[in-house]
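J.: Give me the fold of what follows.
(one chain, ligands or ions: 1)
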Amino acid sequence: MSTTAPSTPPEVVGDNPLSEGLERLPVHPTNLAIFGATGDLSNRKLLPALYNLAHDGALPERFNLVGISRSEMTDEEFRKLATEAVRKYSRRTPDDAVLARLFENARYVPGTFDQPDLYAGLEQAMQAFDEDAHQRLNRCFYLSTAPTFFPVIVGNLGEQGLNRLEGAEVRVIIEKPFGTTLEEAVELNRQVLSVFDEHQVFRIDHYLGKETVQNIMAFRFANGMFEPLWNRNYIDNIQITAAEDLGIGTRAGYYDSAGAMRDLIQNHMLQLLCHVAMEPPVKLTADDVRNEKVKVLHAIAAPADADIPGMAVRGQYAHGAVGGVEVPGYTEEEGVPEHSRTETYAAIRLEVDNWRWAGVPFYLRTGKRLARKVTEIAVALRPVPHLGFEREGSLGAHPNLLVMTLQPGEGVSLQLAARIPGARMRLTPVHMEYLYDTSFMSQSPDAYERLILDALRGDATLFTRSDEVEAQWRIIDPVLEAWASSPEPPPRYRAGSSGPAEAERILQPGHRWRAI
Ligand code: BG6
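T.: Residues are numbered from 1 along each chain as shown. As a prediction, this is how the structure comes out:
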């Protein structure tokens, strides 16, 4: 199935109630403050995303940036730093005029996040922008800091009265991780929601901003042919993989206290599961979509202690070679304690106990320093009930498999059985596929572009709601506790392999992990 992009854009409005949610909300004039503006995430992702939005003309006419962080710096120095970050990390080569215009008014407020003075300085900077515009601009606070500062910043924004503004909207974007346990997430929600209302809060999960993740909804809910099959009667099992060939780089400080389960499964991978398993929402509005996702999470029982060894596996990479290059083991990485037991690989088998999915295993696995980078969702259909071909003929018949590849080589592929030309009847798997690259000739925006724009619009569809984040932790917490109290260290796997052999243990009879 090779597709080409239609020459005229397809209509999105019509009788289909799903399309109503696609109507764009306007982007209001906004003052955006980034806490942690000189940090890695800001440099690599946020500032380049702002540039690309400006390049596309997607930012509002009045858009002002305030950078906040500990280092002492002048406005001019911050503008220079922001400009350099865009030049280094933007997906497009920046246009000098657009770049200069984007940061020409940018302000910088130095200070530690617990200092009331810092918030007075921020208020002053934002007021000056409002006066210049002769109107109250919306305000958006982006918390791109270490998570320990989230409650401190939110608390201070509340105490200094920066959480509301008459005649304009105030929003807060909170980066991950949102807590490191269920208890912490509940407490953080309590703190945040004592200052802001839920509709003001945008909890980031960058996977939700990926084109390919949004495409799961388009694929499922805009094509009639798969929906009748999308249930326990036809689907045998679902495998969601987020494999990475990279190690932990310079992030030992964060990663060693997080581990693979918290880093990828608790958030991104459970979100992927929700997209695959949820019922079609009545509309694609923030609450309709999130209500459906929360129902999926509630249908997953929190793992019981006795079941955990048979449903979850961890691992830690040892020295090995990735892509022909020798790499150190996890505990030899800079900044990692010598006896660290942090898992760099995690796999779990979950079931969604509802009418649609009861009995269908959902296998989720992720790991660092695996053989290659691949993020995919593989939906394996049940085998046909009877094969009438002679034995040799039927050898190549495998159950149908639908693979949605999120990266790299984004696309969808459907594996079918076909006859090999020749005198005898012999079967082999063939693939019908569509690839993003060749179907749509444009470059996909980075997830942060979409997410920042949605937050400026006040559209929370692609952000995690408070009950959703807690439901995610409720599933993961028991496994983390069991691992933390286990006397056994995580099994080792060779860097560059497909993970620990122990991962086989959680598969049901007849199931196999897909090759990485
Ligand atoms: C981040 C994790 O949230 O997601 C990283 O902290 C991980 O450890 C990254 O590498 C993966 O994101 P992507 O977009 O490259 O799949």
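J.: Skip the chain neighbours and tell me the closest residue to whatever residue of the chain ends up closest to the ligand.
T.: Ranked by C-beta to the nearest ligand atom, the top residue of the chain for proximity to the ligand is residue 263, at 4.8 Å. Backbone N, C-alpha and C define where each C-beta goes, glycine included. Spatial nearest neighbour of residue 263, chain neighbours left out: residue 255 (6.8 Å); criterion: C-beta to C-beta, 6 or more residues apart in numbering.
J.: Next up, the contacts around that neighbour.
T.: The contact partners of residue 255, by C-beta atoms under 8 Å, 6 or more residues apart in numbering, come to 248, 263, 342, 344.
J.: For it, pull up the helix or strand it's in.
T.: For residue 255, the element it lies in under DSSP states H and E is helix 252-258.
J.: just residue 508 next, same as before
T.: Per DSSP H and E, there is no helix or strand for residue 508.
J.: got it, and residue 428?
T.: strand 427-435.
J.: Give the other helices and strands that that strand contacts.
T.: strand 411-419 (3 or more C-beta pairs under 8 Å, 6 or more residues apart in numbering; DSSP states H and E).
J.: And the contacts of the strand it packs on?
T.: 1, 215, 219, 396-398, 400-405, 425-437, 439.
J.: neighbouring strands for that strand, and are they parallel or not?
T.: Looking at strand 411-419 with DSSP bridges, its partner strands are strand 401-407 (antiparallel), strand 427-435 (antiparallel).
J.: Now render the ones you listed as a markdown table, adding distance to the ligand, mean pLDDT and mean neighbour count.
T.: Output for the strands paired with strand 411-419, formatted as a markdown table (distance: least, C-beta to the nearest ligand atom, whole Å; pLDDT from 0 to 100; neighbours: other C-beta atoms under 10 Å):
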| stretch | distance to the ligand | mean pLDDT | mean neighbour count |
| --- | --- | --- | --- |
| strand 401-407 | 6 | 94 | 19 |
| strand 427-435 | 18 | 91 | 15 |
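J.: how about those in TSV, adding distance to residue 34?
T.: Formatted as TSV, the strands paired with strand 411-419 follow (distance: least, C-beta to C-beta, whole Å):
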stretch	distance to residue 34
strand 401-407	26
strand 427-435	35
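J.: so after the helix holding residue 255, what's the next helix or strand?
T.: Immediately after helix 252-258, counting by DSSP H and E, sits helix 260.
J.: Give the rounded mean pLDDT of that next one.
T.: Average pLDDT, helix 260: 98.
J.: what separates it from the chain centre, distance-wise?
T.: Here helix 260 shows a centroid-to-chain-centroid distance of 14 Å under the convention C-alpha atoms, centre = their mean, to the nearest Å.
J.: In contact with residue 105: list those residues for me.
T.: Contacts of residue 105 (C-beta under 8 Å, 6+ apart): 64, 65, 129.
J.: Where does the first one sit: helix, strand or coil?
T.: Read it as residue 64. Three-state assignment for residue 64 (DSSP: H, G, I helix; E, B strand; the rest coil): strand.
J.: List the contacts of it.
T.: 30, 31, 32, 105, 106, 107, 126, 129, 137 are the contacts of residue 64 under C-beta under 8 Å, 6+ apart.
J.: again, 6 Å this time
T.: 31, 105, 129 (C-beta atoms under 6 Å, 6 or more residues apart in numbering).
J.: so of the residues you listed, which ones are in helices?
T.: residue 129 (DSSP state H).
J.: For residue 458, state which of the contacts of residue 64 is nearest.
T.: Nearest to residue 458 among these is residue 31, at 14.7 Å by C-beta to C-beta.
J.: Need the pLDDT of the closest one.
T.: With respect to pLDDT, residue 31 scores 97.
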